[in-house]
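**Student:** predicted structure and sequence below. I'll ask about it afterward.
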Amino acid sequence: MEELETARAIADMLGSAALQLASGPFFYLAILFIILQYSRQMRLERQLFAVKLHDWKGMALRAVVTGLLVGLGLSLISVFIGASLSPSAVLWLWGIAALLMLARIRYLCFAYSAGVVTLLQWIAGFTSLAERGDGIGAMAASLARIDAAGLLLLVAMLHLAEALLVRLQGDKLSTPLFLEGKRGKLVGGYMLQGFWPVPLLLLTPVSAETGASTAASASLPWPTLFGGTGAEGWTLVALPMIIGFTEMTRSLLPAAKARHAAKGLLLYSVILGGAALAAWWQSALLPIAALLSIILHEALVWRSKAMEARREPLYVHDARGLRILGIVPGTPAEAMGLSAGEVIYKVNGMRVSTKEDLYGALGANSAFCKLEVLTVGGEPKFAQRARYAGEHHQLGVILAPDERANFYAADGASSLMELLRGRRASNRRGGAKSSPAGAVGGEEKVQA
């Protein structure tokens, strides 16, 4: 009988938390943000290459499904942690994140808002604001009730999940770009960008704020890291989160850049997790853990930029031939196994050093093509294939830019307002002629 009552209480908790998640705006705002980012990415691809390399609808759907799975996994882990997180923590996290996004979109990452919330709680602890009877006092009281150490540990867990997703999916979320290099010269590069909405249902001890109406009638059969055995019962709190990353590279293949980013995220999550546990053990360490949450995340950005600054651009043409920047999915180039970073130096037995050479060599035999290619490591490689009517007439190879490319990628929207206004995705080079309608940048100019 007792087991039946416990099962019924757990079912009530799940239903209440799921309703709380579905009725709140934050999960839907996360999905809307993802749609805006991916649709901008697709618009940029069309402007630069006159072709769609990704489907934003499919990307958004996969992001939601993946985020649901991550949320399920982290929610299961939370039953062994027992951090005292409450609905007010959701409001504080998203409220601070919204303010930070007015300055920079990348500050949507909860590493920043959780760090700011923890610092605000620490500072407010030196005041008597919570004793006031007005709205400010109510805000200070709700801030004081947040389990800051548990919040920082949650951020560490989210970044651990992000590191895994970047390692597994990062290269699949990459988009080739034309970028402005030194002295205005165009170079090729890649943007790796992925976002996932993560709905969490966290098991937390019953408190005055969470209430006991949906609490389980019995304590857990195991001790939790933060909450003991929860003698007063347990409840589930809905916590909608979002994780994501954006990386730029001009010197690495997408898979290598994804590995580099994943290693940094893994190290960040381990350090922050250790700092959060230390702060739970000794609350005087909370401000240090909060600063680590913010500063170390900024260090990840500096680390990526510093590595790119030290390396020479990869996606440029050289004396050997034409550098491949990317491959259009479903084209002969993909079927022949051509890859980004490789150099095409012969087509149908003819040396090629310009796009005109490539077009002429392909036109010499409309029924068959044989390519001689150098891999990224400099090893020779041969690719050949019959050509059929109706196939992409230029194989589907996206070449690195030359001086006749009309457009290059603009800086991304830096703030939330710029994203909502739909800031232009590309810039026109000075003196470039207008491109044909429907093929911004000129398909014959940017795609082989």
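**Tutor:** The structure has been received and is ready for your questions. Residues are numbered from 1 along each chain as shown.
**Student:** immediately after the helix or strand harbouring residue 37, which helix or strand?
**Tutor:** Residue 37 belongs to helix 26-49 when elements are defined using DSSP states H and E. Using DSSP H and E, the next helix or strand after helix 26-49 towards the C-terminus is helix 56-78.
**Student:** average model confidence for that following helix?
**Tutor:** Averaging pLDDT along helix 56-78 yields 93.
**Student:** what about it, distance to the chain center?
**Tutor:** Taking CA atoms, centre = their mean, to the nearest Å, one finds helix 56-78 lying 13 Å from the centre of the chain it belongs to.
**Student:** other residues contacting that helix?
**Tutor:** 31, 34-35, 38-39, 41-42, 154, 157-158, 161, 165, 169, 173, 194-204, 241-243 (CB atoms under 8 Å, 6 or more residues apart in numbering). (C-beta placed from N, C-alpha, C; glycine too.)
**Student:** show me where pLDDT drops low in the chain?
**Tutor:** Scanning the chain for pLDDT under 70 picks out the ranges 1-7, 9-10, 207-221, 227-232, 390, 392-393, 410-448.
**Student:** hey, where'd the helices end up in it?
**Tutor:** For the chain, the helices defined by DSSP state H cover 2-23, 26-49, 56-78, 87-101, 110-124, 135-144, 148-169, 254-281, 286-310, 332-335, 355-363, 416-421, 443-446.
**Student:** would you mind writing the CA trace of the fourth one as PDB?
**Tutor:** In this case it means helix 87-101. Extracted in PDB, the C-alpha atoms of helix 87-101 (Å, rounded to 0.1, in the frame of the first residue of the first chain):
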ATOM      1  CA  PRO A  87      10.900  28.200  -9.600                       C
ATOM      2  CA  SER A  88      12.400  31.500  -8.600                       C
ATOM      3  CA  ALA A  89      15.800  30.200  -9.800                       C
ATOM      4  CA  VAL A  90      14.200  29.900 -13.300                       C
ATOM      5  CA  LEU A  91      13.100  33.500 -13.200                       C
ATOM      6  CA  TRP A  92      16.400  34.800 -12.000                       C
ATOM      7  CA  LEU A  93      18.400  32.800 -14.500                       C
ATOM      8  CA  TRP A  94      16.300  33.800 -17.500                       C
ATOM      9  CA  GLY A  95      15.900  37.400 -16.300                       C
ATOM     10  CA  ILE A  96      19.600  38.000 -16.000                       C
ATOM     11  CA  ALA A  97      20.200  36.100 -19.300                       C
ATOM     12  CA  ALA A  98      17.800  38.400 -21.100                       C
ATOM     13  CA  LEU A  99      19.500  41.500 -19.700                       C
ATOM     14  CA  LEU A 100      22.900  40.200 -20.700                       C
ATOM     15  CA  MET A 101      21.700  39.300 -24.200                       C
END
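**Student:** buried set for it?
**Tutor:** Residues of helix 87-101 classed as buried by neighbour count (16 or more other CB atoms under 10 Å): 87, 88, 89, 90, 92, 93, 94, 96, 97, 100, 101.
**Student:** just stretch 266-280 next, same as before
**Tutor:** Residues of stretch 266-280 classed as buried by neighbour count (16+ other CB under 10 Å): 266, 267, 268, 269, 272, 273, 275, 276, 277, 279, 280.
**Student:** now render the helices of the chain as a markdown table, adding distance to residue 371.
**Tutor:** Shown next, in a markdown table, are the helices of the chain (distance: least, CB to CB, whole Å):
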| stretch | distance to residue 371 |
| --- | --- |
| helix 2-23 | 52 |
| helix 26-49 | 20 |
| helix 56-78 | 30 |
| helix 87-101 | 46 |
| helix 110-124 | 45 |
| helix 135-144 | 63 |
| helix 148-169 | 29 |
| helix 254-281 | 22 |
| helix 286-310 | 30 |
| helix 332-335 | 9 |
| helix 355-363 | 9 |
| helix 416-421 | 41 |
| helix 443-446 | 19 |
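**Student:** among these, which comes closest to residue 248?
**Tutor:** helix 286-310 (7.2 Å; CB to CB).
**Student:** what angle do the helix holding residue 37 and helix 87-101 make?
**Tutor:** 30 degrees (axes from the mean of the first three to the mean of the last three CA atoms, to 10 degrees).
**Student:** centre of the chain to helix 26-49, how far?
**Tutor:** 12 Å.
**Student:** same thing with stretch 125-145?
**Tutor:** With CA atoms, centre = their mean, you get 35 Å for stretch 125-145.
**Student:** got the end-to-end distance for it?
**Tutor:** End-to-end distance of stretch 125-145 (CA to CA, to the nearest Å): 11 Å.
**Student:** list the buried residues of that stretch.
**Tutor:** For stretch 125-145, the neighbour count (16+ other CB under 10 Å) marks 129, 130, 139, 140, 141, 142, 143, 145 as buried.
**Student:** list just the nearest of the residues you listed to residue 118.
**Tutor:** Nearest to residue 118 out of these is residue 143 (CB to CB; 9.8 Å).
**Student:** the closest one touches residue 120, doesn't it?
**Tutor:** Yes - taking CB atoms under 8 Å as the definition, residue 143 is a contact partner of residue 120 at 6.1 Å.
**Student:** just to revisit the earlier point, closest one to residue 388 out of the buried residues of helix 87-101, please.
**Tutor:** residue 101 (49.0 Å).
**Student:** how close does that closest one sit to residue 95?
**Tutor:** According to CB to CB, to the nearest Å, residue 101 and residue 95 sit 11 Å apart.
**Student:** same thing with residue 224?
**Tutor:** According to CB to CB, residue 224 stands 28 Å off from residue 95.
**Student:** same thing with residue 365?
**Tutor:** Distance of residue 365 to residue 95, given as CB to CB: 64 Å.
**Student:** likewise residue 387?
**Tutor:** In terms of CB to CB, residue 387 sits 58 Å off from residue 95.
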